[in-house]
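Visitor: Got a predicted structure plus its sequence, pasted below:
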Amino acid sequence: METGPPPNKSEESEKKKSPFRILAPVHSLLAGWTGLALWLLLLLLLALYPYTGVSSAALLVGSQIFVLVTLASNWNLIGGMTGYVDFGHAVFFGIGAYIMGILVTGSPLLISPEWGFWQALPASGVAAALFALLVGLPTLRLKGPYFSIAMLGTLVAMREIARVLRPITGGGVGFNLPPVLNRVGDYYLMLAVMGLVVSLIWWIQRSEFGQSLIAIREDEIGAEMRGINTTLHKIAAFMIAAFFTGIVGGFWAWQNTFIDPDIVFVEARTVEMVMMSMLGGLGTVWGPPLGAVVIYFLQDFLWGSLFGVHLLALGLLLVLIVLFMPEGILGTLGDRSSTSLGRLLSRVGRSK
Amino acid sequence: MTSDRQPLLQGHTVSKYFGGLAAVNNVDFAVYPGEIVGLIGPNGSGKTTLFDCLSRLQTIDSGEVSFKGRDVTRARPYQVARMGLARTFQSVRVYRKMTVLRNMLISHQWRDTSLLRMLRPSPASTARRAHQLLDFLQIGHLAGEEAGHLSGGQRRLLEIGMALMPDPDILLLDEATSGVNPTLIETIKDRIRTLNAQGKTFLLIEHNINFIADLCSRVYVLNHGEKLAEGTPQEILQNEAVIDAYFGA
């Protein structure tokens, strides 16, 4: 009688089971339709929020969080799912902001008549996506750190171009946009954009397109050799991520009513996107939104309690995330964690 | 004889240089439909480079490659893959963070590249095919495992499964038996025979001479990037030049 293999097998599978039994089904549920249904429910609740008599400051906080969630999810599409760590993604934010500024004021270029906000907003996205196509064709051929550095260079270069092209961009002093205060409108607009982007990422991850992106991240040569047109996939992902980042940039410029090269083409914004994605869980659908919310409130808390050294604290946090939680919150708590913290949590869970 | 038929995969005076080194030098090569052809040679003789040239992972410096009668010298790897050429790698390439099943599914997706198809999850029929193939390769019980957790031999089988998913016309297997235990080698051998009987063509790089002798109808021998000999396994094993170069006699 063969008695060896069956007990071995069950023992092995027993060993691999997460102590967070509750989390394993939660993970698989979130990836499926249940995840989307919960997300839509959350969006519905958020849509009702302004009717609870909240202050306009609370609505501003809401729209700022929605901006961060959208940025993190966008970055995650190219940085997390496709594995191309884009250190210059804020360049698309800046381009969106400038296109919005130039189109609605018309002043630097003397475009007459000026565009309305609703015409300029999609134009911000389209301009960013076209720029992604232009930049992506050469840079997406680069691998690993070479791509990251090339994108960082693109960001710095665009900042300088914005500074130099004074007749169009207003140069280093920037320019003002028409001040239109509409907190409720801003809230709903960004809620809609965030809802759309996160739902889109959910959809992409389930689709063969999204699975191909993950295959490219895991092994690009293998993916190409198995019939995936890697160039087309990377460019498409890059353009989608750039389009919505441009939209957010355009919205941000409109809401902020002032832009200059140093506030829209800024490395810190990319770092923020990276940090939010990593904290939540790179390459997952729900990780980056979770990371964005955590980072927002953490920044708020650090700014309030450690003013003066809050940036230092945030920097340290990034180091700690990379060291101990490279898989992010969702990854570390997940079923397949391979980090020491994840294993430690597993051991703690098992000993209970 | 094979010569009156159209070759499935053909290389004509293929050369590939790395700096001053001729990794593949003026090699003529043909694989006919339904064959199992072996490609042997000492380490560094240019076998894998020739594989890379044939599967278009490497650009070639001179010569031509044709597949199914079409010139693919300038084609990209995904294009020859879509024409029906599949390969495995000397150091196994699987998507480590994906489950075995997902690895299989994603290796099939290009069979339909319409936008509508790309925007949807893999259909149930693809999953059925994946499960059948995994069972055929005796790794069906591992479908839910992450590929990175598999043993070396299991990963080799998975990679062969991934190559089989799109139902290719020819499979190029690069050292399919290296690092694999003898029982699994027999499994691989048996599966290659079964698939060949179903009409699949194979090109095998191997160091395991018994494996080649058991399976192949023809063998090419490379040495220093050049074709040293070509013939049946029996002819090759008795060829003085081959014995001298390869077996170090």
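Guide: Nice, I can see it.
Visitor: Regarding the chain, what is its longest helix?
Guide: Because you didn't say which chain, this covers chain A. The longest helix of chain A (DSSP state H) is helix A:230-256.
Visitor: wait, I meant chain B there
Guide: helix B:182-197.
Visitor: Buried ones in it, by neighbour count?
Guide: By neighbour count, with 16 or more other Cβ atoms under 10 Å in any protein chain shown as the criterion, the buried positions of helix B:182-197 are B:Leu184, B:Ile185, B:Thr187, B:Ile188, B:Lys189, B:Arg191, B:Ile192, B:Leu195, B:Asn196. (Glycine included, C-beta is placed from N, CA and C.)
Visitor: what does stretch B:63-78 give?
Guide: Along stretch B:63-78, these residues count as buried under the neighbour rule (16+ other Cβ under 10 Å): B:Gly63, B:Val65, B:Ser66, B:Phe67, B:Lys68, B:Val72, B:Thr73, B:Ala75, B:Pro77, B:Tyr78.
Visitor: In which helix or strand does residue 102 reside?
Guide: This is for chain A. Remark: A:Ile102 resides in helix A:90-105, with elements defined by DSSP states H and E.
Visitor: That was the other one, I meant chain B.
Guide: For B:Arg102, the element it lies in under DSSP H and E is helix B:100-106.
Visitor: I'd like the C-alpha coordinates of that helix written as PDB, please.
Guide: Coordinates of the C-alpha atoms in helix B:100-106 are reproduced here as PDB (Å, rounded to 0.1, in the frame of the first residue of the first chain):
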ATOM      1  CA  VAL B 100      -0.400  27.400 -12.400                       C
ATOM      2  CA  LEU B 101      -3.800  27.700 -13.900                       C
ATOM      3  CA  ARG B 102      -3.400  31.400 -14.600                       C
ATOM      4  CA  ASN B 103       0.000  30.700 -16.300                       C
ATOM      5  CA  MET B 104      -1.800  28.300 -18.600                       C
ATOM      6  CA  LEU B 105      -4.700  30.700 -19.300                       C
ATOM      7  CA  ILE B 106      -2.500  33.600 -20.200                       C
END
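Visitor: buried stuff in the lowest-mean-pLDDT helix or strand in chain B?
Guide: Of the helices and strands making up chain B, the lowest-confidence element is helix B:115-118, at a mean of 78, by mean pLDDT, DSSP states H and E. When burial is assessed from 16+ other Cβ under 10 Å, helix B:115-118 yields the following buried residues: B:Arg117, B:Met118.
Visitor: Now find how far off-centre it is within its chain.
Guide: Chain-centre distance of helix B:115-118: 29 Å, with Cα atoms, centre = their mean, to the nearest Å.
Visitor: That one close to chain A?
Guide: Yes. Helix B:115-118 is in contact with chain A by Cβ under 8 Å from any Cβ of the partner chain, via B:Arg117, B:Met118.
Visitor: what helices or strands is that helix leaning on?
Guide: Secondary-structure packing of helix B:115-118 (3 or more Cβ pairs under 8 Å, 6 or more residues apart in numbering or on different chains; DSSP states H and E): helix A:208-218.
Visitor: Run through who's touching the helix it packs on.
Guide: Contacts of helix A:208-218 with the rest of the structure, by Cβ atoms under 8 Å, 6 or more residues apart in numbering or on different chains, involve A:77, A:81-83, A:203-205, A:222-223, A:226, A:228, A:230, A:233-234, A:236-237, A:283, B:95-98, B:102, B:105-106, B:109, B:117-122.
Visitor: So among these, which ones count as buried?
Guide: Members of the contacts of helix A:208-218 that pass the buried threshold by neighbour count (16+ other Cβ under 10 Å) are listed as A:77, A:81-83, A:203-205, A:222-223, A:226, A:228, A:230, A:233-234, A:236-237, A:283, B:95, B:97-98, B:102, B:105-106, B:109, B:117-118, B:121-122.
Visitor: residue nearest the centroid of chain A?
Guide: For chain A, the residue whose C-alpha lies nearest the mean C-alpha position (Cα atoms, centre = their mean) is A:Ala72; its distance is 1.7 Å.
Visitor: Would you tell me what helix or strand that one is located in?
Guide: Assigning secondary structure by DSSP H and E places A:Ala72 in helix A:56-75.
Visitor: Export only the CA atoms of that helix, formatted as PDB.
Guide: As requested, the backbone C-alpha atoms of helix A:56-75 are provided in PDB (Å, rounded to 0.1, in the frame of the first residue of the first chain):
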ATOM      1  CA  SER A  56     -17.600  72.600   2.800                       C
ATOM      2  CA  ALA A  57     -14.200  71.900   4.400                       C
ATOM      3  CA  ALA A  58     -15.200  68.200   4.800                       C
ATOM      4  CA  LEU A  59     -16.200  68.200   1.100                       C
ATOM      5  CA  LEU A  60     -12.800  69.600   0.200                       C
ATOM      6  CA  VAL A  61     -11.100  66.800   2.200                       C
ATOM      7  CA  GLY A  62     -13.300  64.300   0.400                       C
ATOM      8  CA  SER A  63     -12.300  65.600  -3.100                       C
ATOM      9  CA  GLN A  64      -8.600  65.700  -2.100                       C
ATOM     10  CA  ILE A  65      -8.800  62.000  -1.000                       C
ATOM     11  CA  PHE A  66     -10.500  61.100  -4.200                       C
ATOM     12  CA  VAL A  67      -7.700  62.800  -6.100                       C
ATOM     13  CA  LEU A  68      -5.100  60.700  -4.200                       C
ATOM     14  CA  VAL A  69      -7.000  57.500  -4.700                       C
ATOM     15  CA  THR A  70      -7.300  58.200  -8.500                       C
ATOM     16  CA  LEU A  71      -3.600  59.000  -8.700                       C
ATOM     17  CA  ALA A  72      -2.500  56.000  -6.800                       C
ATOM     18  CA  SER A  73      -4.700  53.700  -8.900                       C
ATOM     19  CA  ASN A  74      -3.400  55.200 -12.100                       C
ATOM     20  CA  TRP A  75       0.200  54.800 -11.100                       C
END
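Visitor: between it and helix A:90-105, how big is the angle?
Guide: Taking axes from the mean of the first three to the mean of the last three Cα atoms, to 10 degrees, helix A:56-75 and helix A:90-105 form an angle of 130 degrees between their directions.
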